[in-house]
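K.L.:
Sequence and predicted model, in that order:
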Amino acid sequence: MKKKKDFYEIVDSICLKDSRYKPDSYEFVMQALSFTQKKINRDGHITGKELLEGIRELALEQFGPMAKTVITHWGISKTEDFGNIVFNMIEKSLLSKTEADSIGDFNAVFDFETAFRHIVKDIAI
């Protein structure tokens with residue numbers, strides 16, 4: 001329980017310094033990191049592009065047609081915003097990076113209108 005409290009205290013301190021994004025967005029990125037690691041069967045490091053794909057998939061899974069609305073509510077409107085969130089967490093040692101990682105890895109990876117369009121499959125009755 002202490003670990004969770006520490007996470008939220010750190011996120012609160014990040015949000016005081018950088019108020020562009022709501023605290024929920026930081027928790028979601030952590031959930032997306034775990035989701036992505038499980039999906040690609042890797043315990044360690046994942047790339048920015050891999051994380052963004054996991055974010056997209058998890059958002060659609062959790063929020064369905066409201067995915068873009070929820071993410072926009074958090075202050076996020078482009079993939080670069082997720083990069084800012086990740087690097088804010090790196091700065092506070094909530095996440096780590098390799099020498100090859102850069103905030104530029106998150107630049108214009110996908111378009112939100114297209115990426116968060118919820119696909120409803122036709123159901124034959």
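P.N.:
Nice, thanks for sending it over.

K.L.:
And the helix or strand containing F28, what's buried?
P.N.:
Here F28 sits within helix 23-39, counting by DSSP states H and E. Residues 25-26, 28-29, 32-33, 35-37 are the ones in helix 23-39 that count as buried (16 or more other CB atoms under 10 Å). Every residue, glycine included, has its C-beta placed from N, CA and C.

K.L.:
Same question for stretch 87-106.
P.N.:
87-89, 94-95, 101, 105-106.

K.L.:
Next, check those against the helices and list the overlap.
P.N.:
87-89 (DSSP state H).

K.L.:
Chain neighbours aside, what residue packs nearest to the residue most central in space within the chain?
P.N.:
In the chain, the centroid-proximal residue (CA atoms, centre = their mean) is V29; its distance is 3.2 Å. Excluding its sequence neighbours, the residue lying closest to V29 (CB to CB, 6 or more residues apart in numbering) is I85, at 5.3 Å.

K.L.:
A108 touches E80, doesn't it?
P.N.:
Yes: using CB atoms under 8 Å, A108 is in contact with E80, at 7.3 Å.

K.L.:
Alright, that wraps it up for me.
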